[in-house]
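J.: Everything below, folded, please.
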Amino acid sequence: MMEYKGYIGDVKYDPDARIFHGDVINTRDVITFQGKSVDELETSFQQSLDDYLQWCREDGVEPDKPYSGKFNLRIPPELHKELAVSARQLRVSINRFVEKAIRDEIAELSRN
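T.: Sure thing, here's the model as predicted:
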């Protein structure tokens, strides 16, 4: 993965075409890039993002921000109840409880 200005590019290699190609994965807008070498790929990634941000400025459009820090989560009512009770017992907010659970899961994945 690559990062530039808070945007993350996911890269794959196409052995048939002998080219790297990537997509920006933390925005709903479609931003792609490609290159035959790592240097070319990095340059293409940065140019694609700079072009996207310039286009947004010129058209007066707010660029899709990588992450706002907010997301909606739909869970069964019984799980919501268990979550609320567990958070209350630990004297933390539901948000703090879920944040810790997510961090723990990500850390576990990183260890594997």
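
J.: hey, where'd the helices end up in the protein?
T.: 38-59, 77-90, 94-111 (DSSP state H).

J.: Give me the outermost residue of this structure relative to its centroid.
T.: Gln89 (32.1 Å; CA atoms, centre = their mean).

J.: most neighbours per residue, which of the helices of the chain?
T.: The highest average neighbour count among these, using mean count of other CB atoms under 10 Å, belongs to helix 38-59 at a mean of 14. Using the backbone N, CA and C atoms, a C-beta is placed for each residue, glycine as well.

J.: so can I have JSON lines of the helices of the chain showing mean pLDDT?
T.: Shown next, in JSON lines, are the helices of the chain (pLDDT from 0 to 100):
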{"stretch": "helix 38-59", "mean pLDDT": "96"}
{"stretch": "helix 77-90", "mean pLDDT": "96"}
{"stretch": "helix 94-111", "mean pLDDT": "94"}
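
J.: From Leu53, how far off is Thr43?
T.: 16 Å (CB to CB, to the nearest Å).

J.: Leu53 and Pro63: what is the separation?
T.: Distance, Leu53 to Pro63, using CB to CB: 6 Å.

J.: Likewise for Glu108?
T.: As judged by CB to CB, Glu108 and Pro63 stand 33 Å apart.

J.: Repeat that for Arg103.
T.: From Arg103 to Pro63 the distance is 28 Å (CB to CB).

J.: tell me the domain boundaries of this structure?
T.: Using automatic domain parsing, the domain parsing of the chain gives 2-59, 77-111.

J.: Any chance of those domains in JSON lines with distance to Tyr67 as columns?
T.: As requested, the domains of the chain are exported to JSON lines (distance: least, CB to CB, whole Å):
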{"stretch": "domain 2-59", "distance to Tyr67": "6"}
{"stretch": "domain 77-111", "distance to Tyr67": "13"}
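
J.: Which among the ones you listed is found nearest to Gly69?
T.: Checking those against Gly69 by CB to CB gives domain 77-111 as the closest, at 10.3 Å.
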